[in-house]
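**Student:** Sharing a model prediction with you, sequence too.
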Amino acid sequence: MSMARKITLILAACGLLAAAGDPRPPIGYDALANLDRLWLYTGLVRTAMSSSSAPDLGNMDMSNFHGKFRGEPVLARIDGPGCVYRIWSAAPSGRIKVYLDGADKPELDCAFKPYLKGECAGLPADFAHGRFANYMPIPFARSIIITAPGFTFPGYYQVSYQTYPAGTKLASFRRSEAMSAPGREAAARVWREGALPHNRELQRESARQTLAPNAAADFIVLTGAGVIRSLALKNPANPADPLAGIRIHISFDGADKPQVNAPADAFFLNRFDLKADWPGGALANLFVAANAQGYQAFFPLPFAGGARLRLINLGAAPVELQADVGYEPQGTLPAGALRFHAEYRERDYDTDRSPGRTIGTHTAIDPATNYVVLDRAGAGHYLGTAIFVASVGTQWWGEGDEVTWVDGATEPPIRGTGTEDEFNWSWGFNPYLSPVSGTLPVIPECKETIVAQLIPSLRNPDCADIIGHNIAFRFRPTDYVAFSRSIKVSYEVLGSSMTPVNNAIAGNWSQWRGDDYASMAYWYEAPPGD
């Protein structure tokens, strides 16, 4: 049976395929308000991004537009049906206009910066976060053209969107209905309060025991079918303990290998134990919380034939652990139900400060040198990433672009404009936290005069060797990436040169600074045999 036929049968079985052949995946606000739809397969959805990236120009990702419309520079030109879920810019200026379904008059016309900040009159402000990113859905039945008249240098932008097969029925965005759109209030509540569903009765299981060094134990074992809604983990004697030596395994349906396999601190976005350094003094987003009371996760975790939480102590001392889950038993899971997966990776890069290791701004990056977050065969939905970088020195490490390939395509449908841009920030990292993304740099203080910053020979050599800790995460509850055969998510390894070169064109970037990368990938995948 062909993969396309198989997808069609799955969609039809779970009510996601209409008689005319159009899939009905989560679209618009429903994609955020109904997070359970993340684990029902919608393989005919295509997720992509239109951006200012220009891979043939190396790292010159600015002011690269997609032609003009009515004399205005185009940020995105997309045939539908589809939905734009995210618009970002590093330095928005001028106006943003949205033309729908072949119209000559824009349905949306607003100053670009206020739009990204959620300050346009008559539009919801609930979904504007980060430094200039707005997640207000803009569905379109036939086509969309987004222009930016007056958008001046440097002109960085990203437009994330999904498209659906011809015949998919949806209503195009109307500005007059923006505040009353169906599902908007429910989506805003999820954005504010997290992924844990309200008004649902959950069954609870709890376990507490001490793990000796190099010991492992099953803490929670569930039978039958169901959906885990909450998972909490802590050292009850010291809830703020980061549990740096604890490994977490979660298996569904009796799988031989755990679908979740990660250090506990990385799984809960706390690899360097920086939870108290986030704005507000703790980490909290749609899916994860890390605070002085321990760790919590709210990913929906469906299972058809049982679930098992196993903890391993890789540390040198005994650790007392307490695990709690809240779950909903189910008679059966719907057809097309995926299983949650999470994978930890790490790679330590060598430092090579020789001038030959620096490259020019226009030098194209070999994708074979990228840091790979996820490389997977199968079918499912990619939900997001967290990266943990131990950066060397005080200069910026994250100039590399995010590059994601789907289903073996030669050209990646998602190509970013810089690491921080992927996480809804710009111009390096600053501490910020939103329901779907956040960045946190912790760089030891190192004094440099302005003159020393400009003239490499005058720099303090001690500043070149300090280690800075960086965390960034982004979840994709609306712009999740569907894949039917494979997915590969990667980041270019590229930062400011650590060699005495001060020419921004000839050689101001290096792939061999010696920064060390680690990451978590989160996704849903069809179980074997489906």
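**Tutor:** Sure thing, it's come through.
**Student:** Can you tell me the SS state at the nearest residue to residue 160 once chain neighbours are set aside?
**Tutor:** Distance criterion C-beta to C-beta, 6 or more residues apart in numbering; nearest residue to residue 160, sequence neighbours excluded, is residue 86 at 4.0 Å. Glycine gets a C-beta too; all of them are placed from N, C-alpha and C. Secondary structure for residue 86, judged by DSSP: H, G, I helix; E, B strand; the rest coil, is strand.
**Student:** Could you count how many residues lie near residue 86?
**Tutor:** 24 (other C-beta atoms under 10 Å).
**Student:** do you know how far it is from residue 340?
**Tutor:** 23 Å (C-beta to C-beta, to the nearest Å).
**Student:** same deal with residue 405?
**Tutor:** Residue 405 is 22 Å from residue 340, by C-beta to C-beta.
**Student:** what comes up buried for stretch 48-64?
**Tutor:** For stretch 48-64, burial by neighbour count (16 or more other C-beta atoms under 10 Å) applies to 48-55, 58-62, 64.
**Student:** and if you look at stretch 25-38?
**Tutor:** Those would be 25-35, 37-38, for stretch 25-38 by 16+ other C-beta under 10 Å.
**Student:** cool, stretch 189-200 as well?
**Tutor:** 190, 191, 194, 195, 196, 197.
**Student:** Among the residues you listed, which ones are in helices?
**Tutor:** 190, 191 (DSSP state H).
**Student:** Can you tell me which of the buried residues of stretch 189-200 is closest to residue 278?
**Tutor:** Set against residue 278, the nearest of the buried residues of stretch 189-200 by C-beta to C-beta is residue 194 (15.3 Å).
**Student:** From residue 384, how far off is residue 481?
**Tutor:** 9 Å.
**Student:** now residue 371
**Tutor:** The value you get for residue 371 to residue 384, if C-beta to C-beta is used, is 16 Å.
**Student:** and if you look at residue 265?
**Tutor:** The value you get for residue 265 to residue 384, if C-beta to C-beta is used, is 17 Å.
**Student:** again with residue 188
**Tutor:** Distance of residue 188 to residue 384, given as C-beta to C-beta: 20 Å.
**Student:** again, but for residue 274
**Tutor:** As judged by C-beta to C-beta, residue 274 and residue 384 stand 19 Å apart.
**Student:** now the buried residues of stretch 189-200 as CSV including pLDDT?
**Tutor:** Putting the buried residues of stretch 189-200 into CSV (pLDDT from 0 to 100) gives the following:
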residue, pLDDT
190, 93
191, 92
194, 89
195, 87
196, 86
197, 80
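**Student:** Name the nearest of the buried residues of stretch 189-200 relative to residue 494.
**Tutor:** residue 191 (32.5 Å).
**Student:** Leaving out sequence neighbours, find the closest residue to that closest one.
**Tutor:** In this structure, residue 191 finds its nearest non-sequential neighbour in residue 435, 5.0 Å apart by C-beta to C-beta, 6+ apart.
**Student:** again, but for residue 221
**Tutor:** Spatial nearest neighbour of residue 221, excluding adjacent residues (C-beta to C-beta, 6+ apart): residue 308 at 5.2 Å.
**Student:** How many residues are close by the one you found?
**Tutor:** Residue 308: 19 neighbours (other C-beta under 10 Å).
**Student:** which residues does it bridge with?
**Tutor:** On the basis of DSSP bridges, residue 308 is bridged to residue 221, residue 251.
**Student:** sorry, back to before: so what's the residue nearest to residue 191 up against?
**Tutor:** By C-beta atoms under 8 Å, 6 or more residues apart in numbering, residue 435 lies in contact with 129, 191, 192, 194, 285, 286.
**Student:** now it: how far from residue 37?
**Tutor:** Taking C-beta to C-beta as the measure, residue 435 falls 17 Å from residue 37.
**Student:** And what about residue 524, helix, strand or coil?
**Tutor:** The local conformation at residue 524, judged by three-state DSSP, is strand.
**Student:** Residue 188 and residue 384: which has the busier surroundings?
**Tutor:** For the pair residue 188 and residue 384, the greater number of neighbours falls to residue 384 (23 against 17), based on other C-beta under 10 Å.
**Student:** before we move on, the earlier item: got TSV for the buried residues of stretch 48-64, with pLDDT, secondary structure and distance to residue 234 too?
**Tutor:** Conversion of the buried residues of stretch 48-64 to TSV gives the following (pLDDT from 0 to 100; DSSP: H, G, I helix; E, B strand; the rest coil; distance: C-beta to C-beta, whole Å):
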residue	pLDDT	secondary structure	distance to residue 234
48	98	strand	40
49	98	strand	38
50	98	strand	43
51	97	strand	40
52	96	coil	44
53	93	coil	42
54	85	coil	47
55	79	helix	45
58	72	coil	47
59	74	coil	43
60	81	coil	47
61	89	coil	42
62	90	coil	45
64	94	coil	48
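**Student:** tell me which element the residue lying closest to residue 494 once chain neighbours are set aside is part of?
**Tutor:** Spatial nearest neighbour of residue 494, excluding adjacent residues (C-beta to C-beta, 6+ apart): residue 400 at 3.9 Å. Assigned by DSSP states H and E, residue 400 falls within no helix or strand.
**Student:** okay, now the closest residue in space to residue 382 that isn't next to it in sequence: neighbour count?
**Tutor:** Spatial nearest neighbour of residue 382, chain neighbours left out: residue 481 (4.0 Å); criterion: C-beta to C-beta, 6+ apart. For residue 481, the neighbour count with other C-beta under 10 Å is 24.
**Student:** Also residue 235?
**Tutor:** By other C-beta under 10 Å, neighbour count at residue 235 equals 17.
**Student:** what residues are up against the nearest residue to it once chain neighbours are set aside?
**Tutor:** Distances taken as C-beta to C-beta, 6+ apart put residue 241 closest to residue 235, at 4.0 Å, once the chain neighbours are dropped. Counting by C-beta under 8 Å, 6+ apart, residue 241 makes contact with 234, 235, 319.
**Student:** and the gap between residue 241 and residue 386?
**Tutor:** Separation of residue 241 from residue 386 (C-beta to C-beta): 20 Å.
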